[in-house]
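1. Structure of the sequence below:
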Amino acid sequence: MNQTVNSKERLRAIIRSRKRWDVIFGILGLLAMSVGILTLVALFAQMIIDGLPRLTSDFFTNFPSRRAGQAGIVSAWVGSLLVMFVTALFAIPVGVASAIYLEEYARKNWFTDIIEINITNLAGVPSIVYGLLALGLFVYTFGFGQSILSAGLTLALLILPIIIVSTREALRAIPQMVREGAYACGATKWQVCSDHLIPYGMPGILTGVIIGLSRAIGETAPIITIGALTFIAFLPPVPFTGEPAAGMFDWLFSPFTVMPIQIFNWTSRPDPAFHANAAAASLVLVVLTLSMNATAIWLRYRLRKNLKW
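-> Below is the predicted model:
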């Protein structure tokens, strides 16, 4: 009887001790999260205080200038949009098609296992490595030069692992009975993919695509590596305009700059007025990135809500 009582007391003591540790770790986790959130809020508030007065129409339509009060971001945001367009044009079809092939068509053997491991590892490779690869491959070997096309292809390589992994996870989440039911009705593999798997997996696919693009739009290291300009006072040529008229794809080979590089250029200057410009440009970039992430969350929720297995 005494042994039973002692065993119960020891068990209760162990439970109380573990509960104390749970409370301690919970408090430490809350403190760590609070420090991170407060730091982020403080930085964002300082960015708003410094940059909000500079957010005028002239700031969005003026070219960079040696005078801080006249400087703008038109060449930076136009360059960012064009680079993101090229990135999406190459990364989305290749990434989604690769994921569908690996998940639905490829045989499961040692070769595909190696490919899957490498794709997963590529998602963690530093972005500067992609810049060095692009410098040798796109800029010099293919002769694309320091252009929008080189930048777009570089960022496409950067986000390809993200799109492939997210698309494969979206396809894996679809119940096997969807495939079996389609095959039972006589559908081919491509019909199963195009009519069932891709529509059902669209929430996860779109989420991965938008998250990948939101990462790419803030990248600086690979873009600097391939030779993007830090000061540019002109826009890429508009097709079929000018003397002589620009070609359809001349803008792809135009010099460019992007928002992160413009911010870096202004923060490196000693004049505090340029730091205010950098804060304003940073605010625009943060709002754009948060908007893309919010869009991904909304699309995921909206499309999943309409799914019926």
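2. what residue lies at the spatial centre of the protein?
-> Nearest residue to the geometric centre of the chain (CA atoms, centre = their mean): R215, 2.4 Å.
3. Buried residues, whichever strand or helix holds that one. List them.
-> Counting by DSSP states H and E, the element that carries R215 is helix 198-216. Residues 198, 200-216 are the ones in helix 198-216 that count as buried (16 or more other CB atoms under 10 Å). Just so you know, the C-beta spots here come from the backbone N, C-alpha and C atoms, and that holds for glycine as well.
4. Could you tell me the end-to-end distance of stretch 254-273?
-> Counting by CA to CA, to the nearest Å, you get 30 Å between the two ends of stretch 254-273.
5. Name the residues of it that are buried.
-> For stretch 254-273, by 16+ other CB under 10 Å, it's S254, P255, F256, T257, V258, M259, P260, I261, Q262, I263, N265, W266.
6. which non-adjacent residue is nearest the fifth one?
-> Setting aside the residues directly before and after it, V258 is nearest to S80 in space (CB to CB, 6 or more residues apart in numbering), at 4.6 Å.
7. does the one you found sit in a helix, a strand or a coil?
-> Under DSSP: H, G, I helix; E, B strand; the rest coil, S80 falls in the helix class.
8. Going forward, the N-terminal residue is numbered 15.
-> Yep, numbering from 15; the last one is S94 now.
9. Give the full set of residues in contact with it.
-> S94 makes contacts with I231, V272, M273, as judged by CB atoms under 8 Å, 6 or more residues apart in numbering.
10. TSV please, covering these and showing distance to A247.
-> Shown next, in TSV, are the contacts of S94 (distance: CB to CB, whole Å):
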residue	distance to A247
I231	22
V272	15
M273	16
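11. L317: which of the residues you listed is nearest?
-> Distance to L317 across the contacts of S94 (CB to CB) is lowest for I231, with 22.7 Å.
12. so what pLDDT did that closest one get?
-> Here the pLDDT value assigned to I231 is 88.
13. Likewise for the one 5 residues further on?
-> According to the model's per-residue confidence, P236 sits at a pLDDT of 89.
14. so where does it fall, helix or strand?
-> helix 235-239.
15. what's T271 in contact with, if anything?
-> So T271 contacts S89, A90, G93, A242, L243, T244, F245, I246 (CB under 8 Å, 6+ apart).
16. what sits against the nearest residue in space to the first one that is not next to it in sequence?
-> Once flanking residues are discounted, S89 sits nearest to I246: 4.8 Å by CB to CB, 6+ apart. Under the criterion of CB under 8 Å, 6+ apart, the neighbours of I246 are F77, P78, S89, G93, P269, F270, T271.
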